[in-house]
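>>> Fold the following and give me the result.
(chains A and B)
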Amino acid sequence: MAGKISNTPATYTPSPTSQNKKRPSIVTGSDWVRPDGRGLHQCRPAFLRTGAVNSASGSAYAEFGNTKVIVSVFGPRESKKAMMYSDIGRLNCNVSYTSFATPIRGQVHESFDPYTLKLCSYFSPSTVIFCINLMLLVCQASDSKDLSSMLHKALEGAIILESFPKTTVDVFALVLESGGSDLPVVISCASLALSDAGIRLYDIVASVSMSCLGMNLVIDPVSEEESYQDGNLMITCMPSRNEVTQMTVTGEWSTPKIHEAMQICLDACTKLGMIMRSCLKEAVSAPEE
Amino acid sequence: MGLSLGEKNFIKGGIAQDIRTDGRKRLTYRPVSVETGVIPQASGSARVKMGATDVIASVKAELGKPNASHPDKGRVSIYVDCSPTAEPTFEGRGGEELSIELSTALQRCLLGGKSGAGAGIDLSSLSIVEGKVCWDIYIDGLVVSSDGNLLDALGAAIKAALSNTAIPKVEVAANASSDEQPEVDVSDEEFLQFDTTGIPVIITLTKVGRHYIVDATAEEESQMSSAVSISVNRQGRICGLTKRGGAGLDPSIILDMISVAKHVSEQLIDKLDSEIAAAEACDEEL
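Okay, the predicted model is just below:
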């Protein structure tokens, strides 16, 4: 009996450290395999569907591996009275995470983890108060405002804002499950939702990110790879116009490496653009129920 | 910015002909002045002026506990404040949005990748006792007066403030057992200098018409179609890149901008280093 009890633990304690696996030491070798068994330059399988939310003017759902995102577009609606007259339309973007999107509940977006302060016993009370104030200051801002502004910048270049003066279009993105490369998925999905809403675009917007791990460049990284990456490059582009609307780089890169990574990402964007296009075509040709 | 059609054309035409409204060429910076040690309460501080743009950066070092995910590393946080005293549009949401944009761009340009590779600040040098105690570095930027090119000025101010930073020497009590919080003794007299050789400079190339310029003034920024901020270190490697502005760019233009930024960065790093050294010498005399 006693042996039986010890075999089946009564309580389950999730280990938070399992999320932060140590970087494999063979990562620099050529025989290294990615956590999900993909090739280095192979994207995750994508599932895209428009019309996910009935009440929205347009919406889309995207699933890239474990990353699941839903985007709704509302409007164009009349801009708020307080805003000044504008002869071009406004774009309002918001990205939020569900509290169960990350392994640790309610964990804010990755770029803010330096702020998860733990109060230590040897701090003087005044320091503790300072820290709490700082935390509050940052936590207010951590409502993925950086992602929201990135989404705004990625989309504004693609929308023909002149086609809806004096009005505002709202783009709300919700990350249901965060599985790595969240921002590129949000951007691509938002562009599908905008097309579904009938907002005029110059071209569809496709976005792909790439991680640098030692000598290797891996496309469309998952969370685990992102947690030990040396650098990251994200490109958002309009494939048929061959224009980059947004690009970010972190970490140290040499120029030839940036060349290589940009080329791989642009090729992937072109392919993703074709998949998005076929998804939109399917939605139109499907018989109305 | 309220500009008449004539003024707009004058700015654009000047840039096309390589003579800007203040007489500069497209790739010339405004005179840069650096002052260090301006805030006595901080561990290090600097004030950088580029023309009418005026920013202050302060560095505060505090003892903290490292993150569970990176027990052998210290932490650095960067926050920028755009006060409405600099410009009325900074009040409320306008300033908040700009603050977040600048803070994120600076984090991207200075803190490197997740694993710490390519970071301007070596986070593992901030560790004191692994998993227990480390230095938390708080870098705060303040925009005093804004006349364009805030990101480059803030980047330069942070570089100067970090080279001005003295971190107290820390003694760790040897007898601490493994589960207890070790006792640390912070020295009041002995300080360590911060290693700033790896800290990159940020160069923003603003595209106006078909050409791009460095160190744009607010007037020139109002005419931009897009801007790319590139951070380059002394070895000429790219440490971060962000794009602003709506208009799309051809990939070949971005690559061209990167090579121009690398070229410009050499001069800027030399200029900044000599300015910082002069400011430090001046600071010591006082």
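
>>> For the rest of this, base every contact and every neighbour count on C-alpha atoms.
Fine.

>>> Now do the SS call for residue A:41.
For residue A:41, the secondary structure call by DSSP: H, G, I helix; E, B strand; the rest coil comes out as coil.

>>> Next one: it from residue B:256, what distance?
Relative to residue B:256, residue A:41 is positioned 25 Å away (Cα to Cα, to the nearest Å).

>>> neighbour-wise, which of the two wins?
In this comparison of residue A:41 against residue B:256, neighbours counted by other Cα atoms under 10 Å in any protein chain shown, the higher total goes to residue A:41 at 15 against 10.

>>> State the phi and psi torsions of that one.
Geometry field for residue A:41 lists phi and psi as phi -110, psi 30, criterion degrees, to the nearest 10.

>>> got the contact list for it?
Under the criterion of Cα atoms under 8 Å, 6 or more residues apart in numbering or on different chains, the neighbours of residue A:41 are A:217, A:218, A:219, A:264.

>>> what's the answer for residue A:95, then?
Residues counted as contacts of residue A:95 (Cα under 8 Å, 6+ apart) are A:143, A:144, A:145, A:147, A:148, A:151, A:172, A:173, A:174, A:175.

>>> Could you do residue B:169 as well?
B:186, B:187, B:190, B:191, B:192.

>>> host element of the fourth one?
Put plainly, it is residue B:191. strand B:184-193 (DSSP states H and E).

>>> Which of the residues in that strand are classified as buried?
Burial within strand B:184-193, assessed by neighbour count using 16 or more other Cα atoms under 10 Å in any protein chain shown, is assigned to residue B:184.

>>> Against which helices or strands is the next helix or strand along the chain from it packed?
Along the chain past strand B:184-193, the next helix or strand (assigned with DSSP H and E) turns out to be strand B:201-208. In terms of contacts (3 or more Cα pairs under 8 Å, 6 or more residues apart in numbering or on different chains; DSSP states H and E), strand B:201-208 is packed against helix B:150-163, strand B:211-214, strand B:226-232, helix B:251-285.

>>> and of these, who's closest to chain A?
For the helices and strands packed on strand B:201-208, proximity to chain A was assessed by Cα to the nearest Cα; helix B:251-285 is nearest, at 6.3 Å.

>>> got the angle between that closest one and strand B:201-208?
With axes from the mean of the first three to the mean of the last three Cα atoms, to 10 degrees applied, the angle from helix B:251-285 to strand B:201-208 works out at 130 degrees.

>>> Next, see if helix B:251-285 gets close to chain A.
Yes: Helix B:251-285 is in contact with chain A by Cα under 8 Å from any Cα of the partner chain, via B:251, B:255, B:258.

>>> what stretches of chain A score poorly on pLDDT?
A:1-31, A:106-143, A:287-289 (pLDDT under 70).

>>> let me redo that: the stretch 151-286 of chain B
Segments of the stretch 151-286 of chain B classed as low confidence (criterion: pLDDT under 70) are B:174-182, B:286.

>>> Run through who's touching stretch B:276-286.
Judged by Cα under 8 Å, 6+ apart, the contacts made with stretch B:276-286 from elsewhere in the structure are B:34, B:35, B:36, B:37, B:160, B:164.

>>> Out of the residues of helix B:251-285 next to chain A, grab the one that's most surrounded.
The member of these surrounded by the most neighbours (other Cα under 10 Å) is residue B:258, with 23 neighbours in all.

>>> Tell me if I'm right that that residue and residue B:229 touch.
No: using Cα atoms under 8 Å, residue B:258 makes no contact with residue B:229, being 9.3 Å away.

>>> ok, then the element right after whatever helix or strand residue A:224 lives in?
Counting by DSSP H and E, the secondary-structure element that holds residue A:224 is helix A:223-227. Sequence order places strand A:231-238 as the next helix or strand after helix A:223-227, per DSSP H and E.

>>> re the thing from before, turn the contacts of residue A:95 into TSV, columns for secondary structure and distance to residue A:181.
Rendered in TSV, the data for the contacts of residue A:95 read as follows (DSSP: H, G, I helix; E, B strand; the rest coil; distance: Cα to Cα, whole Å):
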residue	secondary structure	distance to residue A:181
A:143	coil	18
A:144	coil	15
A:145	helix	17
A:147	helix	12
A:148	helix	15
A:151	helix	13
A:172	strand	18
A:173	strand	14
A:174	strand	14
A:175	strand	11
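
>>> Of those, which is the nearest to chain B?
The nearest one, if we look at those relative to chain B and count by Cα to the nearest Cα, is residue A:145, at 7.5 Å.

>>> quick one: contacts for the spatially most central residue of chain B?
A centroid search over chain B (Cα atoms, centre = their mean) returns residue B:155, at 1.6 Å, as the residue closest to the centre. Residues counted as contacts of residue B:155 (Cα under 8 Å, 6+ apart) are B:106, B:201, B:202.

>>> hang on, the earlier thing: from the contacts of residue A:41, which ones fall inside strands?
Per DSSP state E, strands hold the following members of the contacts of residue A:41: A:217, A:218, A:219.

>>> in the sheet, who's paired with the nearest residue to the first one once chain neighbours are set aside?
What that stands for is residue A:217. Ranked by Cα to Cα, 6 or more residues apart in numbering or on different chains and with sequence neighbours excluded, the top spatial neighbour of residue A:217 is residue A:211, at 5.8 Å. Going by DSSP bridges, residue A:211 is paired in beta bridges with residue A:218, residue A:232.

>>> Look up how far residue A:177 lies from residue A:211.
20 Å.

>>> Quick check, the residue nearest to residue A:217 in contact with residue A:228.
No: applying Cα under 8 Å as the test, residue A:211 and residue A:228 come out as separate, 9.4 Å apart.

>>> more neighbours, the two?
residue A:211 (28 against 22).

>>> Identify the residues contacting the more buried one.
The contact partners of residue A:211, taken as Cα under 8 Å, 6+ apart, are A:217, A:218, A:219, A:220, A:221, A:225, A:226, A:229, A:230, A:231, A:232, A:233.

>>> now stretch A:164-173: how far from the chain's centre is it?
Averaging C-alpha positions (Cα atoms, centre = their mean, to the nearest Å) puts stretch A:164-173 20 Å from its chain's average.

>>> Ok, stretch B:65-81 next?
18 Å.

>>> How about stretch B:47-62?
Taking Cα atoms, centre = their mean, the mean C-alpha location of stretch B:47-62 is offset from the chain mean by 9 Å.

>>> neighbours of residue A:260, just the number please.
11.

>>> Helices of the stretch 51-200 of chain B, start to end?
Along the stretch 51-200 of chain B, the segments classed as helices by DSSP state H, counting those that start in this stretch run B:93-110, B:150-163.

>>> Chain A contacts on chain B?
Residues of chain B found near chain A (Cα under 8 Å from any Cα) are B:64-65, B:67-69, B:75-77, B:100-101, B:104, B:108-109, B:111-119, B:236-251, B:255, B:258.

>>> Can you turn the buried part of these into a ChimeraX selection?
Selection of the buried residues among the residues of chain B next to chain A in ChimeraX, burial being defined by 16+ other Cα under 10 Å:
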select /B:64,65,67,69,75,76,77,100,101,104,108,109,111,112,113,114,115,116,117,118,119,236,237,238,239,240,241,242,243,244,245,246,247,248,249,251,258
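
>>> who touches residue B:271 in this structure?
Contacts for residue B:271 (Cα under 8 Å, 6+ apart) come out as none.
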